[in-house]
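Asker: Kindly return the folded structure for what I paste below:
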Amino acid sequence: MKTQINYLILIDFLLISILLIISSFLYLENRIYKVNYEMLPGDCGQFVIYMSAAFFDKNITIEELSLETNPFKLFTGPLTIRNELKKLNIKTTFYNNLSVQEIKEKLDEKKLVIIMINVNITRFVDTGLTHYIFVFDYKQENDSLKGFYFFDTYYFINQYVINSSLEPIYISVEELEQKRQNIMRPNQFVGKIQNAIGMHKFTIIVDEAGQDRGINKKMMNAFTYQYYAEKIAAFVGKIVMKISKRV
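Answerer: Down below sits the predicted model:
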């Protein structure tokens, strides 16, 4: 009798496990498909990779990048951006605490600039949501730097807007500085992490081969941990989509 009960318990456990696996698979499959094919594919990380590639006439799509690097539309770390561009023979340099004047100088050198900012939107204001923008030009009047022009998938000011037309967006120096500085606010979760590792006004220069500047060991370790977490998530996503054959 006891043996029969043990078998029943084992069978129940196996059935519940199978149901959980199937449910998890269906949830992941639906999430991957929805965020990559029904919503805007990729996140700002995939977008800046895509735009960098486009400036060098590299033929890739955001859908491909999204499924390859970030199928669940989570945050894309700096090392993912670097390694994906490296596959396209595009070099990058990381800078910590790069000034707006230095950004202008990089643009004068015909470099492209990826800037990390904090988005100013009510529902995210306490979480410290970070965001990448793709800067390609600047505005100057009478030798005075006024602002920058960038492309973006999302533009957060006071509301969420999808800039699907890819028209250039202008941001003043004052607003850019505020958004770069706001990322470090101590009451924000991401801000606390970035304060702990010494991250401040983080910038990626595209098509520049050189030594990273101001990137300490804590920062690089954080980037590395994030990179491998993204790799695991991407691996799971690839397995799910390969089995489902939905795309």
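Asker: Check which helix or strand A196 maps to.
Answerer: Per DSSP states H and E, A196 falls inside helix 189-197.
Asker: so what does the next helix or strand after that helix touch, helix or strand wise?
Answerer: The helix or strand immediately downstream of helix 189-197 is strand 203-206, counting by DSSP H and E. Applying 3 or more C-beta pairs under 8 Å, 6 or more residues apart in numbering; DSSP states H and E, one finds that strand 203-206 contacts helix 44-55, helix 78-87, strand 92-95, strand 112-118. To be clear about C-beta, it is placed using only N, CA and C from the backbone, and glycine gets the same treatment.
Asker: May I see the buried residues of the lengthiest strand in the chain?
Answerer: If you go by DSSP state E, the chain has its longest strand at strand 130-141. With burial defined by 16 or more other C-beta atoms under 10 Å, the residues of strand 130-141 counted as buried are T130, H131, Y132, I133, F134, V135, F136, Y138.
Asker: Nearest to E105 among these?
Answerer: When the buried residues of strand 130-141 are compared for distance to E105 (C-beta to C-beta), Y138 comes out closest, at 10.1 Å.
Asker: hang on, the earlier thing: direction-wise, compare the longest strand of the chain with helix 44-55 and give the angle.
Answerer: Relative orientation of strand 130-141 versus helix 44-55 (axes from the mean of the first three to the mean of the last three C-alpha atoms, to 10 degrees): 50 degrees.
Asker: which residues sit against strand 130-141?
Answerer: The contact list for strand 130-141, computed with C-beta atoms under 8 Å, 6 or more residues apart in numbering, reads 44-45, 47-48, 51-52, 55, 75-76, 81, 103-104, 107, 112-119, 145-152, 154, 156, 168, 170-171, 183, 190.
Asker: ok, what's across the strand from the closest residue to M51 other than its chain neighbours?
Answerer: Of all residues not flanking M51 in the chain, F134 sits nearest, at 4.5 Å (C-beta to C-beta, 6 or more residues apart in numbering). Per DSSP bridges, the residues bridged to F134 are I114, F151.
Asker: Now do F134 against I171, distance only.
Answerer: Going from F134 to I171 by C-beta to C-beta, to the nearest Å gives 12 Å.
Asker: same check, this time on N83
Answerer: To I171, N83 is 28 Å away according to C-beta to C-beta.
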